[in-house]
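Colleague: Task: produce atomic coordinates for the following.
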Amino acid sequence: MAQVSTVTSQAGAVIRHDVAMRFLFVGDSMTIGRSGDFTWRYRMWQHLEATVGRDGYAITGPRTELYDTEANAPLSHTYGDPAFPAPARRHLAGWGEGWLHMAPVIADTVTVTRADVLLVSLGLIDLGFYTNSEQTAANARAFVTAARAANPRIRLVLLPVIPNVRAESDAPFAAECDRFNVLLTKAVADLHTPASPVLLAPHPVGYDIRTDTYDGTHPGPTGEHKLAAAFADAMHQSWGVGGAYAGALAAA
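Modeller: Numbers count the residues shown, from 1 in each chain. Down below sits the predicted model:
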């Protein structure tokens, strides 16, 4: 399957470390997590605490819940680490939600939360149930446009789709995942501006759906670290944010 590399032409767009950054996590079931998960959001919070420092960032968002699989609704607050601080649990992620759902709400969310850095992992659910690769890419572009309408200086890091276990037996679906990642690469190149940079994170290094997920789709502890590392290292290499991710292969 096609691999997507980090866009590095934006290395000059360094964020000053004396400016507090408000991060908003945007995603689907891989980002919201289920009851009992640590989540990659938790791993990113640990990374920001260690490399940016408490006074250099905030995590924002309108939601804090995990998905409760028994209730079939986002009702759980049972994180893998009960000490995960409530303010750091904030996000805009939903089980079964994709670019199709987030594009219409991102402008209002950015306005209300005053987010200025969006870490986005979307697309798999779109391609699996809602839209083809071209339609999904169009929704991704609409998302960026809407976010900028709320904050013209918004910064975005977009993760390519990681094909899940379905792609191993469904060739048309696998092809749509590959096609979308190509279109997402083009969208990032087209939409990037110095005032509002758009960065494409790499495919998480060494990510294996057999060992880094618990069901062929959703990340387990090692997968959570690798997802966080993809975002963290992209921001560090291109924008000078924080440091290199140190816990990518750590145990929970």
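Colleague: Tell me which residues of the helix ranked longest in the chain come out buried.
Modeller: Of all the segments of type helix in the chain, defined by DSSP state H, the longest one is helix 171-191. Within helix 171-191, the residues that qualify as buried are 173-174, 176-181, 183-185, 187-188, 191, counting by 16 or more other Cβ atoms under 10 Å. Every C-beta, even on glycine, is put in place using the N, C-alpha and C of the backbone.
Colleague: if you average pLDDT over the helix or strand containing Ala230, what comes out?
Modeller: With secondary structure defined by DSSP states H and E, Ala230 is part of helix 221-239. Within the predicted structure, the mean pLDDT of helix 221-239 is 97.
Colleague: what's the neighbour count on His47?
Modeller: Here the neighbour count serves as a burial measure; for His47 (other Cβ atoms under 10 Å) it reads 25.
Colleague: now the lengthiest strand in the chain, how far from the centre of its chain.
Modeller: In the chain, with assignment by DSSP state E, the single longest strand is strand 21-27. For strand 21-27, the gap between its own C-alpha mean and the chain's C-alpha mean amounts to 8 Å (Cα atoms, centre = their mean, to the nearest Å).
Colleague: For the following helix or strand past it, name the packing helices and strands.
Modeller: Next helix or strand after strand 21-27 toward the C-terminus (DSSP H and E): helix 29-32. Counting contacts by 3 or more Cβ pairs under 8 Å, 6 or more residues apart in numbering; DSSP states H and E, helix 29-32 is packed against helix 40-51, strand 66-68, strand 92-93.
Colleague: what's the most buried one of the ones you listed?
Modeller: strand 92-93 (a mean of 26; mean count of other Cβ atoms under 10 Å).
Colleague: contacting residues for Leu48?
Modeller: Each residue near Leu48 by Cβ atoms under 8 Å, 6 or more residues apart in numbering is listed here: 23, 56-57, 59, 242.
Colleague: Adding secondary structure and neighbour count as columns, could you present those residues in a markdown table?
Modeller: As requested, the contacts of Leu48 are arranged in a markdown table below (DSSP: H, G, I helix; E, B strand; the rest coil; neighbours: other Cβ atoms under 10 Å):
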| residue | secondary structure | neighbour count |
| --- | --- | --- |
| Phe23 | strand | 28 |
| Gly56 | helix | 18 |
| Tyr57 | strand | 21 |
| Ile59 | strand | 22 |
| Gly242 | coil | 23 |
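Colleague: Between all of the residues you listed, which two are separated the most?
Modeller: Maximum pairwise distance among those (Cβ to Cβ): 13.6 Å, between Ile59 and Gly242.
Colleague: For the longest helix of the chain, which helices and strands make contact with it?
Modeller: Contacts defined by 3+ Cβ pairs under 8 Å, 6+ apart place helix 171-191 against helix 133-150, helix 166-169, strand 198-200.
Colleague: One more pass at 10 Å, please.
Modeller: Packing partners of helix 171-191 (3 or more Cβ pairs under 10 Å, 6 or more residues apart in numbering; DSSP states H and E): helix 124-125, helix 133-150, strand 155-159, helix 166-169, strand 198-200.
Colleague: Given the last one, what are its sheet partners and their directions?
Modeller: Based on DSSP bridges, the strands next to strand 198-200 in the sheet, each with its direction, are strand 155-159 (parallel).
Colleague: Please state the offset of the strand it pairs with from the chain centre?
Modeller: Distance of strand 155-159 from its chain centroid, counting by Cα atoms, centre = their mean, is 7 Å.
Colleague: tell me the angle it makes with helix 40-51.
Modeller: Taking axes from the mean of the first three to the mean of the last three Cα atoms, to 10 degrees, one finds that strand 155-159 is oriented at 130 degrees with respect to helix 40-51.
Colleague: angle of strand 155-159 against strand 21-27?
Modeller: Relative orientation of strand 155-159 and strand 21-27, computed by the same axes, to 10 degrees: 30 degrees.
Colleague: Packing partners of the helix holding Ala230?
Modeller: Using 3+ Cβ pairs under 10 Å, 6+ apart as the contact criterion, the secondary-structure elements in contact with helix 221-239 are strand 21-27, helix 29-32, helix 40-51, strand 117-121, strand 155-159, strand 198-200.
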